[in-house]
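# Can you look at this prediction? I've put the sequence above it.
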Amino acid sequence: VAIEKGNYRHFMQKEIFEQPTVVAQTLHSYVRQVDQSVALPQIDFDLSKVQRITIVACGTSYYAGMVAKYWIEQFARLPVDIDVASEFRYRDPVLEPGGLALFISQSGETADTLAALRHCKAEGQTIAVVVNVPTSTMAREADLLLPTHAGPEIGVASTKAFTCQLAVLAALAARLAVLRGRMDRAEEMTVVKHLVETPACLNAALGHDEEIADMAHLIAPARDVLYLGRGPDFPLALEGALKLKEISYIHAEGYASGEMKHGPIALIDEAVPVIVLAPSGPLFEKTVSNMQEVRARGGKVVLISDAEGIAEAGEGCIATIEMPKVHPLIAPLVYAVPVQLLAYHVACVKGTDVDQPRNLAKSVTVE
Ligand code: G6P
């Protein structure tokens, strides 16, 4: 069947708007409504015995893996190593017996990720994969297949595959936490409740589309853009910068908010918009002081936060985008939406080829 754009201008736009549906579809296989529990496909391998997880991926899938590291360590108290595949495969990593190696890939065919998978297999690791193409090579070579159900992704810049990966990884983190006795029934049920609410929160985030389209005119003239985030929202800052680079060709960098003073602050002036991703919470204050450092240098801040965060720190920003107030576990999924929309609309203002950006490929099957 040919995949059509329908009423959308670009596949990327269509895929951004499909997220509530495909994330719900994906979660359907990982959440059991009957007893409000998180479930993974059956394997003959005891996940509770895993001592260390090694995550390997490329591009946007790598950023999903970075979010997973925060979640798995925080909720399951299990150490996680993470690497981009092209580094991992040549650095002779230390892989202990009994380890789980987790590969994340939309296509299931990325050459470097596949080579890393085969290396881990040869080293005796159990292989788990989060893939979107169920017939792919990685899906076939896995011991534990964790499929995303995003449907075919046509836009070269990944969007819906990313949020579906995060949905699966959130379920995996919760399941590991349960198996390791780090999450009791009540907490598991709370997590399930929040996961089930995710599609509605994604819809709420999509409701800001027009506002973000207007804001894109403020960002489009910039030569450089900086994205800041903390904790699990730091990988989102990296993803936001990647999306903007990929499709609008504006130079962008993602940084951990607290690391800004160790370099990128030198770039800040009136011409550099700074996009801050900061749900309210225990670390919000720290991000507010980073925003003040930006403003003191004439920098223009766009704050993406919830009502509470915007009430506290929205003043003096050139723009704010209000996200629903969500559980920390699903914040990265929800905050993915405004960064995707911003990149999309900036690219539209600039008139670039959104679905086929120059020099990029949907799936990189050569080294
Ligand atoms: C390419 C694509 C990206 C994607 C990356 C990893 O660079 O343009 O959108 O994130 O490959 O691809 P994978 O299929 O392994 O997720």
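Good, I have the coordinates. Numbering: from 1, shown residues only.

# Show me what the mean pLDDT comes to for stretch 315-327.
Taken as a whole, stretch 315-327 has an average pLDDT of 94.

# What residues of it count as buried?
Buried positions in stretch 315-327, judged by neighbour count with 16 or more other C-beta atoms under 10 Å: 317, 319, 320, 321, 322, 323, 324, 325, 326, 327. To be clear about C-beta, it is placed using only N, CA and C from the backbone, and glycine gets the same treatment.

# What is the end-to-end distance of that stretch?
Terminal residues of stretch 315-327 lie 24 Å apart, using C-alpha to C-alpha, to the nearest Å.

# Any chance of JSON lines for the buried residues of stretch 315-327, columns secondary structure and distance to the ligand?
Putting the buried residues of stretch 315-327 into JSON lines (DSSP: H, G, I helix; E, B strand; the rest coil; distance: C-beta to the nearest ligand atom, whole Å) gives the following:
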{"residue": "317", "secondary structure": "coil", "distance to the ligand": "30"}
{"residue": "319", "secondary structure": "strand", "distance to the ligand": "27"}
{"residue": "320", "secondary structure": "strand", "distance to the ligand": "28"}
{"residue": "321", "secondary structure": "strand", "distance to the ligand": "23"}
{"residue": "322", "secondary structure": "strand", "distance to the ligand": "28"}
{"residue": "323", "secondary structure": "coil", "distance to the ligand": "23"}
{"residue": "324", "secondary structure": "coil", "distance to the ligand": "26"}
{"residue": "325", "secondary structure": "coil", "distance to the ligand": "29"}
{"residue": "326", "secondary structure": "coil", "distance to the ligand": "24"}
{"residue": "327", "secondary structure": "coil", "distance to the ligand": "26"}
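
# Name the helix or strand for residue 182, please.
If you go by DSSP states H and E, residue 182 is not part of any helix or strand.

# got the contact list for it?
75, 76, 77 (C-beta atoms under 8 Å, 6 or more residues apart in numbering).

# Adding secondary structure, write the residues you listed out as JSON lines.
Below are these laid out as JSON lines (DSSP: H, G, I helix; E, B strand; the rest coil):
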{"residue": "75", "secondary structure": "helix"}
{"residue": "76", "secondary structure": "helix"}
{"residue": "77", "secondary structure": "coil"}
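
# looking at those, which has the most residues close by?
residue 76 (25 neighbours; other C-beta atoms under 10 Å).

# Could you report the neighbour count for the residue in the stretch 201-350 of the chain that the ligand sits nearest to?
Using C-beta to the nearest ligand atom, the single residue of the stretch 201-350 of the chain nearest to the ligand is residue 246, 7.0 Å away. For residue 246, the neighbour count with other C-beta under 10 Å is 24.

# What is the helix or strand of the chain with the lowest mean pLDDT packed up against?
Ranking every helix and strand in the chain by mean pLDDT, DSSP states H and E puts helix 284-296 at the bottom, with a mean of 91. Packing partners of helix 284-296 (3 or more C-beta pairs under 8 Å, 6 or more residues apart in numbering; DSSP states H and E): strand 273-277, strand 300-305, helix 307-313.

# at 6 Å instead, please
Contacts defined by 3 or more C-beta pairs under 6 Å, 6 or more residues apart in numbering; DSSP states H and E place helix 284-296 against no helix or strand at all.

# That helix vs strand 300-305, what angle?
Orientation check (axes from the mean of the first three to the mean of the last three C-alpha atoms, to 10 degrees): helix 284-296 against strand 300-305 gives 160 degrees.

# Could you give me the buried positions within helix 284-296?
Neighbour-count burial for helix 284-296 [16+ other C-beta under 10 Å]: 284, 287, 288, 290, 291, 294.

# residue contacts, the first one?
What that stands for is residue 284. By C-beta atoms under 6 Å, 6 or more residues apart in numbering, the residues touching residue 284 are 278, 309.

# residues from the stretch 151-300 of the chain in reach of the ligand?
Proximity of the stretch 151-300 of the chain to the ligand is confined to 156, 157, 158 under the rule C-beta under 6 Å from any ligand atom.
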